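>>> what would the 3D arrangement of this be:
(one chain, ligands or ions: 1)
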Amino acid sequence: MNIKDKIDRNNLPQHVAIIMDGNGRWAKGLGKLRIFGHQNGVSAVREAMEGAVELGIPYLTLYAFSTENWNRPKLEVLALMELLVTTLSKEIKTFQDNGIRLNTIGDIDKLPKNCRAKLIESMELTAQNTTCVLTLALSYSSQKEIVDATKEICKQVMQGNLDIDAIDEKVFANHLYTRNMPDPDLLIRTSGEQRISNYLLWQIAYSELSFLPKMWPEFTREDLYECVYNYQQRERRFGKTSEQL
Ligand code: FPP
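Coordinates of the predicted model:
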């Protein structure tokens with residue numbers, strides 16, 4: 001039996017978040033420029049999207065560009081932004097054929113004008129799709145997201161619209177960029193690095209973590225299936241004992 005057939009369709013992660021890491025090292029290993037790695041990372045993005053749709057995972061969130069990534073060489077940043085624009089143009093058919101709705105988290109106002117415009121256009125074009133929400137984290141910092149939520153809550157308290165004692169985890173979560181989606185059940189990171197890198201820090205409180213040694217351009221839908229299958233073998237206790245489950 002192949003790995004996909006072993007997956008229990010009644011126990012799928014509702015939200016899979018991925019840190020797509022290792023493009024640069026993969027390219028360097030082939031004696032190529034870093035951007036070659038990013039270009040080849042696009043087919044892995046397609047694999048992840050189509051794999052998620054095939055399984056029936058309703059939310060997929062990809063870490064495409066962090067606020068810290070702005071500190072990379074100017075040329076690499078520009079190339080990544082251009083790659084985003086061309087990829088969105090090329091993949092619109094993949095989105096429509098698979099019922100994928102595009103969404104973003106992060107400060108997209110910081111992106112170049114043409115990039116922001118392409119994102120907005122793609123979000124509008126796919127707004128009615130309901131099979132899977134593909135969220136791209138762009139110019140994203142989880143710490144900033146938490147600070148933004150805190151500021152917004154403070155404002156509401158100061159304006160008398162929110163009682164300080166009414167602030168709880170649910171109210172806080174409702175002020176994050178991810179307010180309309182469930183927390184990730186599964187977080188995957190490629191490239192062998194085992195860290196979170198300022199990604200969805202609040203939301204992954206109880207996520208299962210999968211660290212894969214392969215580099216992002218090598219990621220295929222079979223890797224996603226394997227991560228989902230492994231996830232299903234774990235016992236998620238949420239602080240309870242095994243006997244209580
Ligand atoms: C991390 O690898 C990858 C990124 C910062 C960019 C991710 C971009 C893509 C996968 C391509 C395009 C994506 C979309 C959504 C169009 P790295 O450069 O940090 O690799 P390294 O750690 O080996 O240097």
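>>> the top helix by length along the chain close to the ligand?
If you go by DSSP state H, the chain has its longest helix at helix 74-98. Yes: Helix 74-98 comes into contact with the ligand (Cβ under 6 Å from any ligand atom), by way of Leu83, Leu84, Thr87. C-betas here are computed from N, CA, C, even on glycine.
>>> so is the helix or strand just after that helix next to the ligand?
Next helix or strand after helix 74-98 toward the C-terminus (DSSP states H and E): strand 100-105. No: applying Cβ under 6 Å from any ligand atom, one finds strand 100-105 separated from the ligand by no less than 10.0 Å.
>>> pLDDT of strand 100-105, averaged?
Averaging pLDDT along strand 100-105 yields 98.
>>> give me the distance from it to the chain's centre.
Centroid separation for strand 100-105 versus its chain: 10 Å, with Cα atoms, centre = their mean, to the nearest Å.
>>> before we move on, what about stretch 148-159?
Using Cα atoms, centre = their mean, the offset of stretch 148-159 from its chain centre is 26 Å.
>>> got the residues of the protein near the ligand?
Within the chain, the positions adjacent to the ligand are 20-25, 38, 41-42, 45, 62, 64-65, 69, 83-84, 87, 136, 191, 216 by Cβ under 6 Å from any ligand atom.
>>> sitting in strands, which of these do you find?
Members of the residues of the chain next to the ligand lying in strands (criterion: DSSP state E): Leu62, Ala64, Phe65, Leu136.
>>> buried subset of those residues as a ChimeraX selection?
Applying 16 or more other Cβ atoms under 10 Å to these, the buried members can be selected in ChimeraX as follows:
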select :62,64,65,136
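>>> the residue lying closest to Asn69 once chain neighbours are set aside: how many residues sit nearby?
Excluding its sequence neighbours, the residue lying closest to Asn69 (Cβ to Cβ, 6 or more residues apart in numbering) is Val77, at 7.1 Å. Burial of Val77, expressed as a neighbour count using other Cβ atoms under 10 Å, amounts to 15.
>>> go on, the one 5 residues further on?
A count of neighbours around Glu82, defined by other Cβ under 10 Å, yields 14.
>>> report back the residue of the chain that's furthest from centre.
Gly160 (35.0 Å; Cα atoms, centre = their mean).
>>> any idea how far that one is from Gln232?
Going from Gly160 to Gln232 by Cβ to Cβ, to the nearest Å gives 47 Å.
>>> and if you look at Trp202?
25 Å.
>>> same check, this time on Val53
Going from Val53 to Gln232 by Cβ to Cβ gives 18 Å.
>>> which one's more surrounded, these two?
Between Val53 and Gln232, counted using other Cβ under 10 Å, Val53 has the larger neighbour count: 20 against 17.
>>> just the mean pLDDT for whichever strand or helix holds that one, thanks.
Using DSSP H and E, Val53 sits in helix 34-55. Averaging pLDDT along helix 34-55 yields 98.
>>> now for that helix, which elements pack on it?
helix 23-29, strand 59-66, helix 74-98, strand 132-140, helix 221-232 (3 or more Cβ pairs under 8 Å, 6 or more residues apart in numbering; DSSP states H and E).
>>> let's see 6 Å
Applying 3 or more Cβ pairs under 6 Å, 6 or more residues apart in numbering; DSSP states H and E, one finds that helix 34-55 makes contact with helix 23-29, helix 74-98, helix 221-232.
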